[in-house]
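[1] what's the 3D shape of this:
(chains A, B, C and D)
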Amino acid sequence: MRVLAFARLRELLGGGEVHVAIADGSTVADLVRQLAGHRAEHTAALSASRVARNGRLAGLDEVLGEDDEIALLPPVGGG
Amino acid sequence: MRVLAFARLRELLGGGEVHVAIADGSTVADLVRQLAGHRAEHTAALSASRVARNGRLAGLDEVLGEDDEIALLPPVGGG
Amino acid sequence: MAALLRVTAEPIDPRALEALVRGDDCGAVATFIGVVRDCSDDGRSVTRLSYEAYETMAREEFARIAGEAKARFGTCTIAVAHRVGDLRVGDVAVVVAVASRHRDVAFDACRYTIDALKQRAPIWKKEHYADGGSDWRENRCAEQAGAS
Amino acid sequence: MAALLRVTAEPIDPRALEALVRGDDCGAVATFIGVVRDCSDDGRSVTRLSYEAYETMAREEFARIAGEAKARFGTCTIAVAHRVGDLRVGDVAVVVAVASRHRDVAFDACRYTIDALKQRAPIWKKEHYADGGSDWRENRCAEQAGAS
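    You can find the predicted model right below:
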């Protein structure tokens, strides 16, 4: 699936749009674990971030669909 | 002496700058009475107004000097 | 230049006022623009306004207000421009621009300055109505001492 | 048009934003301009910033914030523009313009909107320092729930 990454997470994951193959029935938490991949810096950055699903903040237990637009949102700094 | 009049008082007194002959030792209150001259509309407008002497609000008992700049200030409406 | 008041018969450019107050250490500019409305506070249809000012005293009053704002809220730079003469609906009557390092100071000082100016600056407004009438309008007041 | 958010890589003209919100029944316009400072909150010398935004979500978040502001403070029209890309010291990063009949509503809604946008809009800022370093800076937060 398609995952948008911003700011620090964009840099860590090597791009603003990353493609991830997920198993059927995966949740937001599963996706986050998969993206972190036991890398300490990734884990820290992801745990400080929120996940949006189709433009709304998502809970960790929400089940993902292949067509969802997932976005990884580090702490914001606009304005 | 020279008296500046603004807004409603400018219109009532027939000009933005009026010249008034005052007796030696006249106070602000004397000047106001003299300007009102028993005319009801003038008296009402002056009693709702404040008097500035050389750019600062003046008390009624202050004694005027010939060189003072006196200004008649109706309730303000700026902004 | 820490405080500036302009009384002018020319149209006011809020951007020019902001340029006066801004500096490289300023992260925030709060600007208030007062515009001539088509309707008075009591619901009459307004066609134009005329403003007049006792300019020398207005300048002194503004300097006092700016000093108070800085003492209360913190370091900032404040500029004000007020139109005099005839204005039409949609014209800018007054602009207050405040620049500061942070936005709380800019907002607080901007609001304090326009509130105090409306109460205290020797500036007067005459409203002209669609029905042909006109009236000198006073701002709702705080303290107001009669002169006689 | 009661609420508008623009995310743009082009310089922002606050006057154009004010023109969008103003109408003949609006007596007050309150505008906040956020400007790139030469110094970070922790005192480092800043040479430039880069902003990025999740634009579709930022637009939805702004619509929610504008709705909250109107519900709390009263009728007003709100527009926001936020720069993205590289900005230098003195560049305008964000503008919030609010027009209303009276100034209290305009001031309150303007301040609420910029405060909420800084807390909630999916927009990010990287500071670049004179010493060659850089850092993603987060705004001091209200509620912040971790994702994992």
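[2] and residue 36, how many neighbours?
    Let's take chain A. 18 (other CB atoms under 10 Å in any protein chain shown). All C-beta spots, glycine's among them, are computed from the backbone N, C-alpha and C.
[3] can you look at chain C instead?
    22.
[4] then A:L64?
    22.
[5] confirm for me that A:F6 is in contact with A:V76.
    No. At 9.1 Å, A:F6 does not count as touching A:V76 under the criterion of CB atoms under 8 Å.
[6] in terms of packing, which of these two has more residues around it?
    A:V76 (27 against 23).
[7] between A:F6 and A:V76, what contacts are shared?
    Residues touching both A:F6 and A:V76 by CB atoms under 8 Å, 6 or more residues apart in numbering or on different chains: D:P122, D:W124.
[8] show the contacting residues for the residue in chain C that chain B sits nearest to.
    Across chain C, the shortest distance to chain B (CB to the nearest CB) belongs to C:I123, at 2.8 Å. The contact partners of C:I123, by CB under 8 Å, 6+ apart, come to B:76-79, C:7, C:51-54, C:58, C:82, C:84, C:117.
[9] what about the residue positioned nearest the centre of chain C, helix or strand, and which?
    Centroid-nearest residue in chain C, with CA atoms, centre = their mean: C:V94, separated by 4.3 Å. Taking DSSP states H and E as the criterion, C:V94 maps to strand C:92-100.
[10] that strand: what's the following helix or strand?
    Using DSSP H and E, the next helix or strand after strand C:92-100 towards the C-terminus is helix C:103-120.
[11] is any residue of that next one near chain B?
    Yes. Using CB under 8 Å from any CB of the partner chain, helix C:103-120 reaches chain B at C:I114, C:L117, C:K118, C:Q119, C:R120.
[12] how about A:I70, nearest residue that isn't a chain neighbour?
    Closest residue to A:I70 apart from its sequence neighbours, by CB to CB, 6 or more residues apart in numbering or on different chains: A:V3 at 4.7 Å.
[13] ok, A:G15 next?
    A:A5 (7.0 Å).
[14] beta partners for that neighbour?
    Counting by DSSP bridges, A:A5 forms beta bridges with A:L72.
[15] quick one: contacts for it?
    Going by CB under 8 Å, 6+ apart, the list of residues near A:A5 reads A:L12, A:L13, A:G15, A:G16, A:E17, A:V18, A:A71, A:L72.
[16] contacts only, for C:D41.
    By CB under 8 Å, 6+ apart, the neighbours of C:D41 are C:R137.
[17] follow-up on the earlier one: for the residues of helix C:103-120 next to chain B, which one is nearest chain D?
    For these, the nearest to chain D is C:I114 (6.6 Å; CB to the nearest CB).
[18] which residues in chain A form strands?
    Listed in chain order, the strands of chain A (DSSP state E) span A:2-5, A:17-19, A:50-53, A:56-57, A:70-73.
[19] what about A:L60, how many residues close to it?
    Quick note: A:L60 (other CB under 10 Å) scores 15 neighbours.
[20] A:V51 against A:L72, yeah?
    Yes. Using CB under 8 Å, A:V51 makes contact with A:L72 at a distance of 6.2 Å.
[21] what about whichever residue of chain A sits closest to chain B, distance to B:G78?
    Nearest residue of chain A to chain B: A:G79, at 28.4 Å (CB to the nearest CB). For A:G79, the distance to B:G78 (CB to CB, to the nearest Å) stands at 32 Å.
[22] what does C:A53 give?
    7 Å.
[23] comparing these two, which residue is more hemmed in?
    Comparing C:A53 with B:G78 by other CB under 10 Å, the one with more neighbours is B:G78, at 27 against 23.
[24] returning to what we had before: overlap in contacts, C:A53 and B:G78.
    C:H82, C:A121, C:P122, C:I123, C:W124.
[25] out of those, list just those in strands.
    C:H82, C:I123, C:W124.
[26] and the end-to-end length of stretch C:27-44?
    41 Å (CA to CA, to the nearest Å).
[27] buried residues in it, which are they?
    Across stretch C:27-44, burial judged by 16 or more other CB atoms under 10 Å in any protein chain shown covers C:G27, C:A28, C:V29, C:A30, C:T31, C:F32, C:I33, C:G34, C:V35, C:V36, C:R37, C:D38.
[28] now do stretch A:45-59
    A:A45, A:L46, A:A48, A:S49, A:R50, A:V51, A:A52, A:R53, A:G55, A:L57, A:A58.
[29] okay, who's weakest in those residues by pLDDT?
    Ranked by pLDDT, the buried residues of stretch A:45-59 bottom out at A:G55 (88).
[30] which stretches of the chain have low pLDDT?
    In the absence of a named chain, this looks at chain A. Judged against pLDDT under 70, chain A has no low-scoring part.
[31] look at chain C instead
    Short version for chain C, where the test is pLDDT under 70: C:1-3, C:141-148.
[32] what ranges does it have for its helices?
    C:14-21, C:55-73, C:103-120 (DSSP state H).
[33] so which of those is the most packed in?
    helix C:103-120 (a mean of 22; mean count of other CB atoms under 10 Å in any protein chain shown).
[34] what is that one packed up against?
    On a contact count with 3 or more CB pairs under 8 Å, 6 or more residues apart in numbering or on different chains; DSSP states H and E, helix C:103-120 meets strand C:28-35, helix C:55-73, strand C:77-83, strand C:92-100, strand D:28-35, helix D:103-120.
[35] tell me which residues are up against the second one.
    With CB under 8 Å, 6+ apart as the test, helix C:55-73 has contacts from B:52, B:55-56, B:71, B:78, C:2-3, C:5, C:7, C:76, C:78, C:80, C:82, C:98, C:104-105, C:108-109, C:112-113, C:116-117, C:120-123.
[36] give me that answer again for 7 Å
    Helix C:55-73 is contacted by residues B:52, B:55, B:71, C:3, C:5, C:7, C:76, C:78, C:80, C:105, C:108-109, C:112-113, C:116-117, C:120-123 when judged by CB atoms under 7 Å, 6 or more residues apart in numbering or on different chains.
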